[in-house]
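*Asks:* Sequence and predicted structure, then a few things I'm wondering about:
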Amino acid sequence: MDIPDWFVWIFLGIIVLQALGLVPAVRRLRGTDPAARSAAPAVLLDTVGALLASAGLLLSLVVAESWFRLTVVGLALIAAGYALKGLRLLRARRGPAA
């Protein structure tokens with residue numbers, strides 16, 4: 001089954017938008033606000049993971065070789081990013097340690 005050309009172009013557009021999403025994440029990482037700087041690694045992991053997952057899926061569909069491993073790595077990075085965000089939320093909900 002052949003993949004339609006319009007599907008590939010839509011997928012490429014999504015990948016470009018995710019790559020542009022790296023810019024604010026890196027700016028937060030290098031910023032002066034300590035709260036934004038501490039949350040930035042989780043956002044960066046999530047963004048890079050989504051970029052790798054999308055690129056891996058696109059390459060798996062377009063190229064004859066299997067690029068599915070790239071998608072799995074991307075999904076693992078997304079899961080790690082969400083785990084960091086969840087731990088940060090739990091720590092904030094508990095409050096300061098007495």
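*Replies:* Now that the structure is in, tell me what you want to look at. Numbers count the residues shown, from 1 in each chain.

*Asks:* Contacts for stretch 31-47, please.
*Replies:* By CB atoms under 8 Å, 6 or more residues apart in numbering, the list of residues contacting stretch 31-47 from outside reads 18, 21-22, 25-26, 28-30, 77-78, 80-82, 84-85, 88. C-beta: built from backbone N, CA, C; applies to glycine.

*Asks:* and that stretch, what's its mean pLDDT?
*Replies:* Stretch 31-47 shows a mean pLDDT of 86.

*Asks:* list the buried ones in that stretch?
*Replies:* Using 16 or more other CB atoms under 10 Å as the test for burial, stretch 31-47 gives Ala39, Ala40, Pro41, Ala42, Val43, Leu44, Leu45, Asp46, Thr47.

*Asks:* Return the subset of these lying in helices.
*Replies:* Secondary structure assignment by DSSP state H places Ala39, Ala40, Pro41, Ala42, Val43, Leu44, Leu45, Asp46, Thr47 of the buried residues of stretch 31-47 in helices.

*Asks:* Check those residues against Val72 and report the nearest one.
*Replies:* Nearest to Val72 among those: Leu45, at 15.1 Å, using CB to CB.

*Asks:* re the thing from before, can I get the buried residues of stretch 31-47 in JSON lines including distance to Val73?
*Replies:* Conversion of the buried residues of stretch 31-47 to JSON lines gives the following (distance: CB to CB, whole Å):
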{"residue": "Ala39", "distance to Val73": "23"}
{"residue": "Ala40", "distance to Val73": "21"}
{"residue": "Pro41", "distance to Val73": "17"}
{"residue": "Ala42", "distance to Val73": "17"}
{"residue": "Val43", "distance to Val73": "18"}
{"residue": "Leu44", "distance to Val73": "15"}
{"residue": "Leu45", "distance to Val73": "12"}
{"residue": "Asp46", "distance to Val73": "14"}
{"residue": "Thr47", "distance to Val73": "14"}
